[in-house]
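Undergrad: no sequence on this one, just coordinates:
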């Protein structure tokens, strides 16, 4: 190793890079037009006071990159097509000024356990063997599948071995795989809740399935209506806390749903998106635990931690594991290995449960304060939904235009969702609603409702 | 701030964690059976010599985790189902014993910059505003799009503003979006390299496009053959380093490719998967820089950092940004926000360049040693491909069965890929090949070739 030589090389490379950059810029900007003849390397090197080899190398590099055209025995020229001006920056849509995010889909981001997550990430990064940095197993890293099988067993009554857990990049991403796998197996029509979370119908339609709507009442999906339909291969349902009605499916309805699936050899796709949050009692167990062979259970870290983490899971009957994993591999949808290992660590050390206990207290307090303010300032509005999850539903007077209320609320700085149901209603997510802001938010809601009635 | 109190709190937390762990283990192991009554917190705290609050908190935590059942006015008991022995694991396919991973797709995982990545992750976690933990922007976090636009401009001659960069979860995932967006815009037939990386044709076919093969020669994709085809909407090509031939497309061919795209108003999809690695000279610039309006540029952190990171990018003409981002949002394919922020930080602080310089030296050394060993022990085999990337191609004698060589090599503990070209050839990735192992690997290769000739 000759240090002197290395230094010389570095100096040469830097000079060359500077010459290359100057030429590249001049060509790109149009300063040097196509077909322009460049000075001979001997001439330019003398002008610049560098050795000729540096200029020869720079020309060669730019010729290799396609900016210059070099031919044996002819002058080097600027290549055709090398000067197109860069397209201007795209105009970006100006978002309306949102002062209060009332999305029912986003947990309290200020409550994200940054310190515990950092610890978990650092532990994963320190302890993962090198090969764990390769392409992750298509169904997820074994540690997380194991941690979730055991966590879901004790917290949600899910009955499955780790091999039945498939990790995905958010529930939408996982549903995309599930519907495609079911379609490849012959499924054509699935039933979905109306009203319901639009992600279900959208992902099913994108996978080429028909999404047939079934009504929802105070007990959740109306199973009698489902049973009256023909040729339904699967039904997507949120029994623990229906979105957007907030209904909790009682035991009798759950039993009827399971009986329907068994009778028709159909699949129940259980969306358990926010079941960790129940404020008046222990959360109701999963339907999966009642009929593991007939249920695909879907859960996510989006409500328990944060949507930006991009981790969710499907617990599926054994015969569906390989088809779904094969699709995940083929699509390259696996979430980052270190994030998966970090979540496994967070669960195993009880940090997720600790976090959820804190969050439950927080949300219960925020929900109670919101309900008090609504009762005081909007007494004519009926509040609907179980003491659970991250939102309440406000039933609007029958003649009210839901869209009009939303438009008015947005103008007042509130970002919220309509229920999209037959009767007008709006969904108020309270997870990111500071107690100090509740009075002004409820006033704005009251004004919006009045304006549209 | 009361230091005394803080210390007490810390001690309390540690004691509680130890009590929780002991109870959890006892329940999981079956030592404490379901319905077992636990001692009253007053009794246990006296036994253990800790304050009662510590035991009350530990019981509450384990109740939240589902291990215990706590009811007002009744003894705390072990929950049903908390001890169920896990059902047996599904049988997993036994992988053949691989002693040497020679995949051309995996960089040196032992060289992953763990410390720099931890620093970048921690900086992202510390500095990200709360709202960054929500659903990430569908096109990627602005910091990473900006960092990549500038990094790719200087390292690859890519000409684009940050708004044209779309972040995806690996290149396969991004290609899935791209093909679907092109298909929605009327595209039906794309041209692909044969031989080529199978991910291109697979993702295109999954999106409903026809993938028409075009031959590859020593200068890469044969543009004359492409030009003879009708109705081609886009061509996927790896000009900087074709897989698996190792060909580098020279300037004249690149110019012809661009002219074809301009003439047919078609798109070039440039797969720049490992262009950071060039050992004999500076890497050739991107085709995108020659014709930004006609090229979608695809790159990835899979070769420069690790596939487990799951970060890749498409640089697209402005009119394609919104269609691709809308699909990404609808599929929920966005990679984790913190990972995106960490990569932006890694690039901005020059750590990625530093890492790549180290890796280039390493790979060059490994490649040279492999070539020397091949020349000494397999002199009759022609080695093909530019001094670039993470693999060499060995052209086998004409009558050799590629499949037979691969089978024999696998039996000897080598995991490698066939070229899948007209003439038999195998691809030897050397990124994870330790110098000490080269002699025995080349001997095994020689034995495999002999056995199949």
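TA: Yes, it's here. All values reported here derive from a predicted model rather than from experimental measurement.
Undergrad: what residues does the stretch 201-350 of chain A put near chain B?
TA: A:202-203, A:206, A:302, A:306-311, A:318, A:321, A:330-339, A:350 (CB under 8 Å from any CB of the partner chain). Yep, even glycine has a C-beta here, placed from its N, CA and C like the rest.
Undergrad: Try it again at 10 Å.
TA: With CB under 10 Å from any CB of the partner chain as the criterion, the stretch 201-350 of chain A meets chain B at residues A:202-203, A:206, A:276, A:282-283, A:285, A:289, A:292, A:300, A:302, A:305-312, A:318, A:321-322, A:327, A:329-342, A:347, A:349-350.
Undergrad: For PyMOL, write the select line for the buried members of those residues.
TA: To isolate the buried ones among those in PyMOL, judged by 16 or more other CB atoms under 10 Å in any protein chain shown, type:
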select buried, chain A and resi 202+203+206+276+283+285+289+292+300+302+305+306+307+308+309+310+311+312+321+322+327+329+330+331+332+333+334+335+336+337+338+339+340+341+342+347+349+350
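Undergrad: In strands only, show me the residues of the stretch 201-350 of chain A next to chain B.
TA: A:300, A:312 (DSSP state E).
Undergrad: What about the residues of the stretch 201-350 of chain A next to chain B, which are in helices?
TA: Assigned to helices by DSSP state H, the following of those qualify: A:202-203, A:206, A:318, A:321-322, A:327, A:329-331, A:337-342, A:347.
Undergrad: In the stretch 251-400 of chain A, which residue sits closest to chain B?
TA: Nearest residue of the stretch 251-400 of chain A to chain B, counting by CB to the nearest CB: residue A:332, 3.1 Å away.
Undergrad: Need phi/psi at that residue.
TA: Taking degrees, to the nearest 10, you get phi 70, psi 30 for the backbone angles of residue A:332.
Undergrad: Contact partners for it?
TA: A:135, A:138, A:169, B:168-176, B:199, B:203, B:300, B:302, B:307, B:310, B:312, B:333 (CB atoms under 10 Å, 6 or more residues apart in numbering or on different chains).
Undergrad: Look up the closest residue to it, ignoring the ones flanking it.
TA: In space, and not counting its chain neighbours, residue A:332 is closest to residue B:172: 3.1 Å by CB to CB, 6 or more residues apart in numbering or on different chains.
Undergrad: I'd say the one you found and residue A:333 touch.
TA: Yes. The criterion here is CB atoms under 10 Å, and residue B:172 meets it with residue A:333 at 8.4 Å.
Undergrad: Quick one: the strands in the stretch 151-300 of chain A, in order.
TA: Using DSSP state E, counting those that start in this stretch, the strands of the stretch 151-300 of chain A run over residues A:165-168, A:189-194, A:210-217, A:220-221, A:234-237, A:267-271, A:295-300.
Undergrad: How is chain A divided into domains?
TA: Following automatic domain parsing, one gets these domains for chain A: A:15-78, A:100-106+A:354-451, A:113-350.
Undergrad: need the ones you listed in CSV with mean pLDDT, can you?
TA: Shown next, in CSV, are these (pLDDT from 0 to 100):
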stretch, mean pLDDT
domain A:15-78, 83
domain A:100-106+A:354-451, 92
domain A:113-350, 96
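Undergrad: just these: most buried one?
TA: domain A:113-350 (a mean of 21; mean count of other CB atoms under 10 Å in any protein chain shown).
Undergrad: got the end-to-end distance for that domain?
TA: Terminal residues of domain A:113-350 are spaced 13 Å apart (CA to CA, to the nearest Å).
Undergrad: For it, what is the distance to the chain centroid?
TA: Chain-centre distance of domain A:113-350: 14 Å, with CA atoms, centre = their mean, to the nearest Å.
Undergrad: Geometrically speaking, which residue is the centre of chain A?
TA: What sits nearest the mean C-alpha location of chain A, by CA atoms, centre = their mean, is residue A:170, with 4.7 Å.
Undergrad: how much space between the closest residue to that residue other than its chain neighbours and residue B:138?
TA: Nearest non-adjacent residue to residue A:170, counting by CB to CB, 6+ apart: residue B:332, 4.0 Å away. Per CB to CB, to the nearest Å, residue B:332 is found 9 Å from residue B:138.
Undergrad: Quick check: which element contains the closest residue to residue A:377 other than its chain neighbours?
TA: With sequence-adjacent residues excluded and distances taken as CB to CB, 6+ apart, residue A:377 is closest to residue A:442, at 5.0 Å. For residue A:442, the element it lies in under DSSP states H and E is helix A:438-451.
Undergrad: who touches that helix?
TA: Contacts of helix A:438-451 (CB under 10 Å, 6+ apart): A:99-100, A:102, A:366, A:369-378, A:380-381, A:394, A:396-397, A:400-401, A:404-414, A:416, A:424, A:426, A:428, A:430, A:433-434, A:437.
Undergrad: just the helices in chain A please.
TA: A:3-28, A:41-48, A:52-64, A:114-127, A:142-156, A:171-184, A:198-206, A:223-227, A:251-264, A:318-331, A:337-348, A:351-377, A:402-411, A:438-451.
Undergrad: Of these, which is nearest residue B:17?
TA: Between residue B:17 and these, the tightest spacing by CB to CB is seen for helix A:351-377, at 9.6 Å.
Undergrad: Next, the angle from the closest one to helix A:114-127.
TA: If you take axes from the mean of the first three to the mean of the last three CA atoms, to 10 degrees, helix A:351-377 sits at 160 degrees to helix A:114-127.
Undergrad: where's helix A:351-377 relative to the chain centroid, distance-wise?
TA: 24 Å.
Undergrad: show me the contacts for the residue lying closest to residue A:327 once chain neighbours are set aside.
TA: Leaving aside its sequence neighbours, residue A:327 sits nearest to residue A:177 (CB to CB, 6+ apart; 4.8 Å). By CB under 10 Å, 6+ apart, residue A:177 lies in contact with A:138, A:166, A:168-169, A:203, A:207, A:314, A:316, A:320, A:323-328, A:330-331, A:333, B:331.
Undergrad: Repeat that for residue A:237.
TA: A:191-193, A:196, A:200, A:214, A:216, A:220-221, A:223, A:226, A:249, A:253-254, A:257, A:268-271, A:287, A:295 are the contacts of residue A:237 under CB under 10 Å, 6+ apart.
Undergrad: please redo it, this time with the cut-off set to 8 Å
TA: A:193, A:220, A:221, A:249, A:257, A:268, A:269, A:270, A:271, A:287 (CB atoms under 8 Å, 6 or more residues apart in numbering or on different chains).
Undergrad: now do residue A:213
TA: Counting by CB under 8 Å, 6+ apart, residue A:213 has contacts A:191, A:192, A:193, A:194, A:196, A:201.
Undergrad: Excluding chain neighbours, give the residue nearest to the last one in space.
TA: Across the structure, with CB to CB, 6+ apart as the measure, the residue nearest residue A:201 apart from its sequence neighbours is residue A:211 (4.2 Å).
Undergrad: The one you found against residue A:192, yeah?
TA: Yes. Taking CB atoms under 8 Å as the definition, residue A:211 is a contact partner of residue A:192 at 4.7 Å.
Undergrad: shared neighbours of those two, anything?
TA: Contacts common to residue A:211 and residue A:192, judged by CB under 8 Å, 6+ apart, are A:200, A:201, A:204.
Undergrad: Touching, the first one and residue A:234? I think so.
TA: No. If you go by CB under 8 Å, residue A:200 and residue A:234 don't touch, sitting 10.6 Å apart.
Undergrad: which residues are common contacts for those two?
TA: residue A:269.
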